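Visitor: show me the folded form of this:
(3 chains)
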Amino acid sequence: MPTDLDETLATVRLVDHHVHGPLALEVDRDGFESLISESDRPQPPGLTAFDSQLGFAVRRHCAPLLGLPERVAADDYWDARATWSPGELARLFLGAAGVGDWVVDTGFSADDIWDVERMEAELDGRSREIVRLESTLEDVALTCEPEELEQRFREALDEAARTAVGWKSIVAYRYGFDFEPTRPTSAEVKAAARAWMTTFESGTRPRVEDPVLLRFLLFAACDTGMPLQLHVGFGDPDLDMHRCNPALLTEWLRTVEPTGVRVMLLHCYPYHRMAGYLAHVFPHVYMDVGLGINYTGAASSRVIAESMELAPFGKLLYSSDAWGPPELHYLGSVLWRRGTAAVLRQWVQDGEWSASDACRVAEMVARDNARCVYGLDA
Amino acid sequence: MPTDLDETLATVRLVDHHVHGPLALEVDRDGFESLISESDRPQPPGLTAFDSQLGFAVRRHCAPLLGLPERVAADDYWDARATWSPGELARLFLGAAGVGDWVVDTGFSADDIWDVERMEAELDGRSREIVRLESTLEDVALTCEPEELEQRFREALDEAARTAVGWKSIVAYRYGFDFEPTRPTSAEVKAAARAWMTTFESGTRPRVEDPVLLRFLLFAACDTGMPLQLHVGFGDPDLDMHRCNPALLTEWLRTVEPTGVRVMLLHCYPYHRMAGYLAHVFPHVYMDVGLGINYTGAASSRVIAESMELAPFGKLLYSSDAWGPPELHYLGSVLWRRGTAAVLRQWVQDGEWSASDACRVAEMVARDNARCVYGLDA
Amino acid sequence: MPTDLDETLATVRLVDHHVHGPLALEVDRDGFESLISESDRPQPPGLTAFDSQLGFAVRRHCAPLLGLPERVAADDYWDARATWSPGELARLFLGAAGVGDWVVDTGFSADDIWDVERMEAELDGRSREIVRLESTLEDVALTCEPEELEQRFREALDEAARTAVGWKSIVAYRYGFDFEPTRPTSAEVKAAARAWMTTFESGTRPRVEDPVLLRFLLFAACDTGMPLQLHVGFGDPDLDMHRCNPALLTEWLRTVEPTGVRVMLLHCYPYHRMAGYLAHVFPHVYMDVGLGINYTGAASSRVIAESMELAPFGKLLYSSDAWGPPELHYLGSVLWRRGTAAVLRQWVQDGEWSASDACRVAEMVARDNARCVYGLDA
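Guide: Residues are numbered from 1 along each chain as shown, chains lettered A, B, ... in the order given. As a prediction, the model looks like this:
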């Protein structure tokens, strides 16, 4: 059992259990700034996304990997970065993240980023796939009749389950967590499918927003027995944050508990204490504070500490939720390692925790809990 | 006026204003683990309730009282503990808690734990009773007609008030705080009583969940002039946390303000800042962060600090909310003393507070505020 | 570029972008205590508003300006203060606040406090006015017909805009943020105006609480292009805190985004993390934690740190929200300077931020962001 906490946190190979691919394309500076913000709007005049905790963290932690001093000016960072190709940047930053397993959500703008196969081929760590329920349904719906949708979707999940290790739902974006917690009947699903699919226009990708269909996806995923990831809390301005409070899921969590599903609450900020409560009282609930760590930067150790209040230590996971700029894949790792070290070191110094317990919990959150949930050693 | 903050916090005799009895029965290890978790579900396979802040705090702070080293392994803790009888453990841990007054909620699973009489007889401190409204109504309803329920319940309160020092409501569990804030009429109470009591089955204890009856209990308690405790926030998975936000009580608090009732918001985590706001603006609202301290363990000083942001210092109370394992009665005290010392010491070191103010506030929260609210010196 | 953080934070001339006038009248001790609390109720028997974070901060930071020792007893503070006239106190404390621009909300109990003209005449800094929408409508309604109300109100805004630099809405108090996010039609406004104005009684000041009219005010303000301040979160017991969560504004924020309005979320405690999220994702949203700093006193550095998690550094502003006792105008400044210095110094010491970045961000929040939003250099 290791007892050197700094050593443990510096070297443990992570499972990044919620991540997307690094950028496959060149971006200009405006494009880069838009990708280090959760806003989908242009920066207000005179402002730059570099003037944020995440922007400061890029300059502090990513600059040295490009051969620059720490905390270099944003313009200098950008100039140096522009001399690297997307592939070089991806290999540089993802290689430095110390990740042994990438668990990759492939459901968003997949054309702009590396796919799982490329990650598997070009990176040290292994890569496994998480399949998005909503995009899978949208794909299936293009090639079947409404009456077949339920069956065809379940078949698509069965097919995906041959290689994927879990599911992801963005019901938080498409509706909110205040959905009816009951399982829809087949008749309800058929009626909703008919209503939705009559709106399809050729040439336009359909978008599922109907709450009956969204609930159907969730229950169908639960029926597979594989882990189900849910986006919770902080994200882009498409969502209504007061409808993304995970406490709204409570009755649904009770309903699906008998299926054996493990529900992975992602990010959770600023509801991470509420997520910790759910992970405490429900055996099938797990959580991370992934996106919240990158975006709170120098302040992230407090977010990490708060996530370790109520959540059992066997229910917390690491993720970066990086999408695009490979700085994000690296920063997630660096900030989690530094923040967790700071939090656990304090508890050891206070005499509250032993150093060996701190190392053990660090390894559980970094790696072991995720390996167990997703069966990564199988 | 003492000015030695560490000395004050180490020695002040506490009023534990919300507590239950220690275990009267032997428990096996699974039983013990279930009692150091707010979950009523078994631990997930491979996990142990010892891998939590509370579990770590048990090993850190309780082990020495059993003659073990601090931070002993969980198995060793359990083996040593198993050599003590329930009575020995209760006297050991409750005796070490430094509590001068136990204010005991007797309304939950009373057969498994010491009753108030035994606490009074076997412990140094005095013990006074808090009576649960819901169980009192359920008792009364078994022996009267629906038309009599209102009057018989008020008589039961009058009888209980001869020895009890306050009331407790678990409306948070039975319905939520989003109840109608108005006083129900006698006709409404009678109609609800009839509807409820016709559902009684012989041999089954009735359970009141009707919102009209639950509201009636609250108003009847307010009419007595004695303090009324409300479970708020964190608790077992029976409750829906988004309906336990104490802000939902605002209009009801305005409604009952003229009765002179003092409303005691219990635990409150993760709504303790909201509870602090209510204690700030409403003269009749008080709060504690009892359960939240034990369950956040090494991280509890931040919860304590947050509870001291808006709440006036005359409105904060100490509690352990311990039920069962006597470790919880002790830990509540130890963690509150340590956490409060850490928080106040920082403010003194920063030059923001004087040491004598810090000692005075510590004694208010530890003892004086509760003595005043419950009339414990009378 | 300054790099001495303590020097920068001690000397930067602030823009207090949300403040009211200092007291023009003598108050007795009860009156003073009621003004250092957000409660509009008398203190409970035996308690004093001095036993709070704000009360302790008054004794700590304001006493020296009266020639008293730091942390003097409350009675001694009061005795010394009573020898000063209201004008002397105002000049003393506001003069010491280091404020270069006062942006003054004149809409509440204006007779008891200095008006903008007196602030401009007697203080070093410049003073500009923020006009309250609700009181403006109530003034206009007294002198027109319901059919004219919409037009006359817009004319009143146009007139006010000749000297004012922004608007303030207290829809949080008058209704809540759960209003319909759509722009009311002229017909709806007329109907609501008729319904409201028929309730007027001579000799009584009307009070607008109709949600259609309150929404009309917001949209009319947005149409002017000037910044719109919204009270958010913590305030007196008139409001229902669960209806003041700024997340409830999300759809309305989307609706008004095209008007070019800048929406200033004021105070925000305990929703400051949610406000930070909105400031992050919406280009037109800004925030402060003004009132929350004064009322959390020695604990305010944590509130400041939390406000700097998600909010872009170009979107945070300083305010005191002082009304009445000039101690509040001074304390807002002192506590913000001290708390921000403590937070930024830690990040610099941790190696996460450079000292020059810390100084630059401090000046942005202290002064530059507000100057830009309100056009104070024009």
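
Visitor: A:V99 against A:S333, yeah?
Guide: Yes: using Cβ atoms under 8 Å, A:V99 is in contact with A:S333, at 6.5 Å. Where C-beta positions appear, they are placed from N, C-alpha and C, glycine not excepted.

Visitor: any residues in contact with both of these two?
Guide: With contacts defined as Cβ atoms under 8 Å, 6 or more residues apart in numbering or on different chains, the residues adjacent to both A:V99 and A:S333 are A:L14, A:D16.

Visitor: ok, A:R302 to chain B distance?
Guide: Distance, A:R302 to chain B, by Cβ to the nearest Cβ, to the nearest Å: 8 Å.

Visitor: I figured A:G176 hits A:M241, correct?
Guide: No: the pair A:G176 and A:M241 fails to qualify as a contact (Cβ under 8 Å) at a distance of 9.7 Å.

Visitor: which of these two has more neighbours?
Guide: Between A:G176 and A:M241, A:M241 has the larger neighbour count (other Cβ atoms under 10 Å in any protein chain shown), namely 23 against 18.

Visitor: number of residues surrounding the nearest residue to that one once chain neighbours are set aside?
Guide: With Cβ to Cβ, 6 or more residues apart in numbering or on different chains as the criterion, A:M241 has its nearest non-adjacent residue at 4.1 Å, and that residue is C:A247. For C:A247, the neighbour count with other Cβ under 10 Å is 20.

Visitor: what residues does the strand or helix carrying A:S135 touch?
Guide: Element membership for A:S135, per DSSP states H and E: helix A:133-141. Applying Cβ under 8 Å, 6+ apart, the contact partners of helix A:133-141 are A:107, A:149, A:152-153, A:156-157, A:160, A:167-171, A:174, A:193, A:196-197, A:200, A:205-208, A:213-214, A:217-218, A:220-221.

Visitor: mind listing the helices for the stretch 251-378 of chain A?
Guide: Assigned by DSSP state H, counting those that start in this stretch, the stretch 251-378 of chain A shows helices spanning A:272-281, A:290-296, A:300-307, A:326-349, A:355-363, A:369-374.

Visitor: follow-up on the earlier one: do me a favour and average the pLDDT over the helix holding A:S135.
Guide: Mean per-residue pLDDT for helix A:133-141: 97.

Visitor: buried residues in that helix?
Guide: Applying a neighbour-count criterion of 16 or more other Cβ atoms under 10 Å in any protein chain shown, one finds A:L133, A:E134, A:S135, A:T136, A:L137, A:E138, A:V140, A:A141 buried in helix A:133-141.

Visitor: hmm, who's touching the strand or helix carrying A:A57?
Guide: Using DSSP H and E, A:A57 sits in helix A:53-57. If you take Cβ under 8 Å, 6+ apart as the criterion, helix A:53-57 is touched by A:36-37, A:48-50, A:71, A:74, A:294-300, A:331, A:335, C:308-310, C:352-353, C:357.

Visitor: what do you get for stretch A:142-154?
Guide: Residues outside stretch A:142-154 that contact it (Cβ under 8 Å, 6+ apart): A:136-137, A:140-141, A:186, A:189-190, A:193-194, A:196-197, A:200, A:206, A:216-217, A:220, A:223.

Visitor: hmm, try it at 6 Å
Guide: Residues outside stretch A:142-154 that contact it (Cβ atoms under 6 Å, 6 or more residues apart in numbering or on different chains): A:L137, A:V140, A:S186, A:V189, A:K190, A:A193, A:R194, A:M197, A:A220.

Visitor: against which helices or strands is the host helix or strand of the fourth one packed?
Guide: Put plainly, it is A:V189. Remark: A:V189 resides in helix A:186-197, with elements defined by DSSP H and E. Here helix A:186-197 touches helix A:149-160, helix A:211-224, going by 3 or more Cβ pairs under 6 Å, 6 or more residues apart in numbering or on different chains; DSSP states H and E.

Visitor: can you list these in a markdown table and add mean pLDDT, distance to A:A80 and mean neighbour count?
Guide: Shown next, in a markdown table, are these (pLDDT from 0 to 100; distance: least, Cβ to Cβ, whole Å; neighbours: other Cβ atoms under 10 Å in any protein chain shown):
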| stretch | mean pLDDT | distance to A:A80 | mean neighbour count |
| --- | --- | --- | --- |
| helix A:149-160 | 98 | 40 | 17 |
| helix A:211-224 | 98 | 43 | 21 |
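
Visitor: same list (the ones you listed) but as JSON lines, adding distance to A:L9.
Guide: Output for the helices and strands packed on helix A:186-197, formatted as JSON lines (distance: least, Cβ to Cβ, whole Å):
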{"stretch": "helix A:149-160", "distance to A:L9": "34"}
{"stretch": "helix A:211-224", "distance to A:L9": "33"}
